[in-house]
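S.K.: Could you work out the structure for the sequence below:
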Amino acid sequence: MNILYSTRVAATGGRKGTIRSEDGILALDLAIPKELGGMGGATNPEQLFAGGYAACFENALLRIGRQAGHRFADGNVEVVAQIGLSRNEADAFMLSATLFVTIAGVDQATAEELVRGADGICPYSNAIRGNVAVAKSVTVR
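M.R.: Numbers count the residues shown, from 1 in each chain. Down below sits the predicted model:
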């Protein structure tokens, strides 16, 4: 496999520690969310995953749109990722995801087709397919 990009991020202290990328650009404190009994006040792995998934999926959507002849202006496409943390029957932690996609300038059928195409090329979607339940909500405006 030809790797196009690689990065390294070190975590220290688990969910209430820190993360730092090898180039120092990403350097964040982590905190357990209040909803999970923590103090909150800093980001957590689920928020980081949601941000990465939303950004990556939107970029995939813009690419699929361009290939289909649609040129979306900034603000015409928005992707919000909601990541859930729960437990399964074996008491193991599990993630779920919902992508809320809003697209301006196309009809509903076209928007849904573009989202299906983006789902096929997004690295996050491909990485979690078959392991994480992902729902998609597509809205046109």
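
S.K.: what about the helices in this protein?
M.R.: Here the chain has its helices, by DSSP state H, at 45-67, 108-121, 123-128.

S.K.: Let's have those helices in a markdown table, adding distance to Val9.
M.R.: Backbone N, C-alpha and C define where each C-beta goes, glycine included. Below are the helices of the chain laid out as a markdown table (distance: least, C-beta to C-beta, whole Å):
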| stretch | distance to Val9 |
| --- | --- |
| helix 45-67 | 9 |
| helix 108-121 | 24 |
| helix 123-128 | 16 |
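
S.K.: Just put the ones you listed in a markdown table and tack on mean neighbour count.
M.R.: Shown next, in a markdown table, are the helices of the chain (neighbours: other C-beta atoms under 10 Å):
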| stretch | mean neighbour count |
| --- | --- |
| helix 45-67 | 18 |
| helix 108-121 | 17 |
| helix 123-128 | 16 |
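
S.K.: To Pro33, which of the ones you listed lies closest?
M.R.: Closest to Pro33 of the helices of the chain is helix 45-67 (C-beta to C-beta; 7.8 Å).

S.K.: What lies in contact with that closest one?
M.R.: 15, 19, 28, 30, 33, 71-72, 77-85, 95, 97, 99, 101, 103, 114-115, 117-119, 121-125 (C-beta atoms under 8 Å, 6 or more residues apart in numbering).

S.K.: okay, now the domains of this protein?
M.R.: 1-43, 45-140 (automatic domain parsing).

S.K.: for the last one, what is the average pLDDT?
M.R.: Taken as a whole, domain 45-140 has an average pLDDT of 98.

S.K.: Residue most distant from the centroid, the chain?
M.R.: Using C-alpha atoms, centre = their mean, the residue of the chain lying farthest from its centre is Ala90. It sits 25.7 Å away.
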